[in-house]
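> sequence and computational prediction follow.
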Amino acid sequence: MLDRLRLLFDTRDFNPRWSCGHWTEFHGWIHILADLAIWAAYISIPLAIIVYVVRRPDTPLPRLGWLFAAFIFLCGTTHLMDAATFWWPAYRLSALLKVLTALASMATVMVSFARLPQLIGFPSLAQLNSRLMQSSEAQASMERALTERSNLLQIALAAGDAGAWSYDCATRRWTRYSALSKLLGLPEENVTESPEAWQARIVPEDRASASAVLDDAMRNPKFFAMQYRLIRADGEKRWVSSRGDVVTNRGGAPVGLAGIVTDITADRIAAAATARLGAIVRSAPDAIIALSMDGVITEWNGGAEKLYGYKPEEIVGSHIERLVPQARRDEVAGYLKAAAAKESTGPLETVRRGRDGRLLPIELVVAPIVDDSEQVVGISKIERDISDRHDINRKLRVINRALEQRSDEVEQFLYTVTHDLKAPLVTIQGFTGVITEEMGAQMPESIRDPLSRIERAAYRMTSLIDDLLEVSRVGRTPYRSARVDTAALAAEVRADFADELAEKKVELLVQGALPELHADPIRLRQVLDNLVSNAIKYGCPASPAKIEIGGQMLEDEVQLYVRDFGPGIPEKYRERVFQLFQRLSPAGEGTGLGLALVRRIMQAHGGRAWISDTPGQGATVWLAFPRARDKGSDDELGA
Amino acid sequence: MNWEHESPDPQILHFLLIEDDDDHAEIVMRTVSWGRSGNTVHRVSDGDAGLAYLRGNEDAMRKRPDVVLLDLKLPGRDGHEILREIKSDPALRSIPVVMLTTSAAESDRLRAYENFANSYIVKPVSFGRFRQMVADLSLYWGVWSPPHRTDRD
């Protein structure tokens, strides 16, 4: 081995290069110096690579670095050998170095090609730099966002009177954070205490249910929410909403709880008050309806549904006039206007139409809905069904039956009284007649006048008894309702009064086509006779004159009128003239029972009678008959 | 049953007046005989007496009345019942019955006509009208030949 090593350095078989060939000094030294310079460089580069690889442990592919260092170093040694062989021809050593260099370079080439894709994928420094810049910006903005969120969370917790807490199963410690401490009326700080200490802050009645919710959440990890009452440091009880979730470890096993507690006392109080009010409104037997300012229905309670038969979804959004018969539309305009002026209307008795078309007698009260800023934002309307007073009606029926029994007795009584009252009158008048006849022309004026006064008084008494009997009969005797041809009736009346009309030069006009109606024909005739007679008597002071009969058909009523163009009736007397024995004319002209009879007859029809001005001058007497529900049947009207 | 009509003048009538009120009876009797001699009146105060007179079981000398004037309000059985009895008796139903009453009630009027009253008159309140009434009755029932006369003829 030693011999072989010695052979490497044995130069006896070779000549130095200077002596091989014809080297000029210059040519030889260029070779020598260039080789030495290359060698120096090839020593330095591996050193730099090694220093880099050693100093930077994160260098990608450090082994490739080492391979390059070795290959370059070996290249350098071959150049050193080339320079040395000018004086020391150790060509065997030189060959060995070249073989080693070749091996190292082949290995380097192979490794380089194998790692080429990886090398190509390495980012450039510029790329690395920009990435670095980006990631640091993202981090900064994330930090900003986190800070912001943390601030927001603090604000939110504070604004919502919310306090956070957490519970650690391992340590059995319960931590409340400052906001929750504040909620409890304690110093604002984070405090850790035992679960029992926390339980003591819950109102005793609520403890069991609160524990049950948390235990359940722990057993089946899930979000939980509940409400209970807390006792503040000052002893005050507050309703809170507690919500939270189970905290689990990476394996999903529950290790604790965390949650938020919010003070909802004000909400509970408000909700309870609202619920109470809501229940009152819902369960109220009266119809409670809210309207917009222009009369559109916005709320509709159970009472309203029951009264009218419309469900809320069928009627909300409709105009209130949908429920109002044509003849009553003015009322709506009236109370809408009043409500806009912050004024209430009612109680007002009126009539509305239900879903089935029936007319409903109701009593209503309308009031404006005023908000905190004193603005009218809507209209509330309470309506009561006044037809549905069953108890009263039942009692009335019982009383009615008793009255009907009595009525026969009364009839008998009245009949007897009338007959017996009239009998002496027949006697008085008969014998005054006898006296007149017997004395004839010989009767002195001093007797004739008193005698005629007695006769007139007896005559008036007779009329009074007849009319009174008639008035009393109207309310008591049942009568038939039938379809009445009003035009024919008016013609009959005109024919009956023909003499009087001609005598006073009064023209009786029928205005337009009279509406058809359902009434008792004989009673209606009595009414018209009375009114026309009155109109001729009191409404036609000058002749020629005019009387008008007319009428109109409304949705729920048929109206007739008898109109004169006389002096009219002052407003203050318009009701009084319908009372018994009330007269505007001097005593002696009629009994004062005519209009009382008219009103009694109209009431027996379920209708009305009233007086208004004739446009211009005069009096107009109006009659209103309810429109027949079923036009096919002639029903018996009440006794 | 021997009815005799004594007057040859068809306008001279014999009345049966069934009336409980003496004053009214007096007025009727005065008006019936007023100015026209010959008209006669037999007055009874209740319905049963009237029926007895009509059936001839009281007075052999009675005359058959040409017209019955019947008040409604009578002691005992009232005018409606008496009317019904007269009109359901074949021997009497042909005699005209005029209701003469103070009642203007529609029910009384209807009931009277249902029971075949020949006329219904509300007692007039003046003597003049009373007289006119009797004159009208005489004229009507006298000129018109009642069935019982033709029976006899």
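Perfect, thanks for sending it.
> so what's the residue count around the residue nearest to B:Lys73 when sequence neighbours are not counted?
Take B:Lys73 and drop its neighbours on the chain: the residue closest to it by Cβ to Cβ, 6 or more residues apart in numbering or on different chains is A:His419, 5.4 Å away. In short, each C-beta sits where N, CA and C put it, glycine included. For A:His419, the neighbour count with other Cβ atoms under 10 Å in any protein chain shown is 19.
> A:His419 contacts B:Ala104, correct?
No. The criterion here is Cβ atoms under 8 Å, and A:His419 misses it with B:Ala104 at 9.8 Å.
> ok, now which ones touch the residue nearest to B:Lys73?
By Cβ atoms under 8 Å, 6 or more residues apart in numbering or on different chains, the contact list for A:His419 reads B:Leu72, B:Lys73, B:Thr101, B:Thr102, B:Ser103.
> and of these, the nearest to A:Gly28?
When the contacts of A:His419 are ranked by distance to A:Gly28 (Cβ to Cβ), B:Ser103 comes first, at 181.0 Å.
> please report how far the closest one lies from chain A.
6 Å (Cβ to the nearest Cβ, to the nearest Å).
> please give the element, helix or strand, for that residue.
Here B:Ser103 sits in a region with no helix or strand, counting by DSSP states H and E.
> can you report phi and psi for it?
Phi and psi for B:Ser103, reported as degrees, to the nearest 10, are phi -80, psi 120.
> confirm that the residue nearest to B:Lys73 sits in a helix.
Yes. When classified by DSSP: H, G, I helix; E, B strand; the rest coil, A:His419 is found to be part of a helix.
> residues in contact with the residue nearest the centre of chain B?
Centroid check for chain B by Cα atoms, centre = their mean gives B:Val68 as the closest residue, at 1.5 Å. Residues in contact with B:Val68 (Cβ under 8 Å, 6+ apart) are B:Phe15, B:Leu16, B:Ile18, B:Gly50, B:Leu54, B:Ile86, B:Ile95, B:Pro96, B:Val97, B:Val98.
> so which bits of chain A are right by chain B?
A:415, A:418-419, A:422-423, A:425-427, A:429-434, A:436-437, A:455, A:458-459, A:462, A:466, A:469 (Cβ under 8 Å from any Cβ of the partner chain).
> at 10 Å instead, please
Chain A comes close to chain B at residues A:411, A:414-416, A:418-438, A:455, A:458-459, A:461-463, A:465-466, A:469-470, A:473, A:477, A:522, as judged by Cβ under 10 Å from any Cβ of the partner chain.
> is it true that the residue nearest to the centre of chain B lies in a strand?
Yes. Counting by three-state DSSP, one finds B:Val68 located in a strand.
> ok, it to chain A distance?
B:Val68 is 19 Å from chain A, by Cβ to the nearest Cβ.
> tell me the pLDDT at that residue?
B:Val68 carries a pLDDT value of 92.
> any stretches of chain A with poor pLDDT?
A:156-161, A:388-391, A:475-478, A:583-591, A:628-639 (pLDDT under 70).
> again, 50 this time
A:630-639 (pLDDT under 50).
> just the closest residue of it to chain B, please.
Relative to chain B, the nearest point of chain A is A:Gly433 (1.6 Å; Cβ to the nearest Cβ).
> which other helices and strands does the lengthiest helix in chain B contact?
Counting by DSSP state H, the longest helix found in chain B is helix B:127-143. Judged by 3 or more Cβ pairs under 10 Å, 6 or more residues apart in numbering or on different chains; DSSP states H and E, the packing partners of helix B:127-143 are helix A:390-439, strand B:14-18, helix B:22-33, strand B:67-70, strand B:97-101, strand B:119-122.
> partner strands of the fifth one and their direction?
Here strand B:97-101 has these sheet partners by DSSP bridges: strand B:67-70 (parallel), strand B:119-122 (parallel).
> thanks a lot, see you next time.
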